[in-house]
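Colleague: Generate a structure from the sequence data that follows.
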Amino acid sequence: SSEADEVATVIELVRAAGWEVAADWPAMQKLESPNLSDEAKRALTVKLENAIRAASFFWYMLPRTKSEGAAYEFGFFRGIRDRDPHGFTVVSGDLLALGRLYPYASGKAVAFAEHLEALNFFCRMQ
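Modeller: Below you'll find the predicted structure:
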């Protein structure tokens, strides 16, 4: 959550490169609130999960601190797309920090040490 502004900037750059963004996490995060009803929380969850289902690939910008949300979303995507011959994951950031294991586990993951390298990868693909 502390990196929402950085992620929002990257999302705008990805859009400017011609990509459609299925799930705009920082925009969705602004809708979250401790005061939401259970129904509203479920609706946001369904919206996010449907966006992840629709995505061809998932870019996991590794957070600098532990994040339950990021780990859940990454796992949710992998559960759907690892069986799909066209689905793949891009991981960027410090893979060695925080004892992370799961980014290594995806055989279809393309990994970059820096987020900028991943952004350049997407720009070249478009």
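Colleague: can we go C-alpha only for contacts and neighbour counts from here?
Modeller: Noted.
Colleague: give me the low-pLDDT residue ranges for the chain?
Modeller: Along the chain, segments meeting pLDDT under 70 span 1, 82-86, 96, 98-108.
Colleague: which residues of it fall in strands?
Modeller: Along the chain, counting by DSSP state E, strands occupy 57-61, 88-92, 109-112.
Colleague: Run the chain-centre distance for the shortest one.
Modeller: Translated: strand 109-112. 13 Å (C-alpha atoms, centre = their mean, to the nearest Å).
Colleague: Likewise for the second one?
Modeller: Centroid separation between strand 88-92 and its chain, computed with C-alpha atoms, centre = their mean, is 9 Å.
Colleague: Could you find the closest non-adjacent residue to residue 58?
Modeller: residue 89 (4.8 Å; C-alpha to C-alpha, 6 or more residues apart in numbering).
Colleague: could I get the strands of the chain as CSV with mean neighbour count and distance to residue 10?
Modeller: Output for the strands of the chain, formatted as CSV (neighbours: other C-alpha atoms under 10 Å; distance: least, C-alpha to C-alpha, whole Å):
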stretch, mean neighbour count, distance to residue 10
strand 57-61, 19, 10
strand 88-92, 22, 12
strand 109-112, 18, 15
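Colleague: Now render those strands as a markdown table, adding distance to residue 77.
Modeller: Listed next are the strands of the chain as a markdown table, based on distance: least, C-alpha to C-alpha, whole Å:
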| stretch | distance to residue 77 |
| --- | --- |
| strand 57-61 | 7 |
| strand 88-92 | 8 |
| strand 109-112 | 12 |
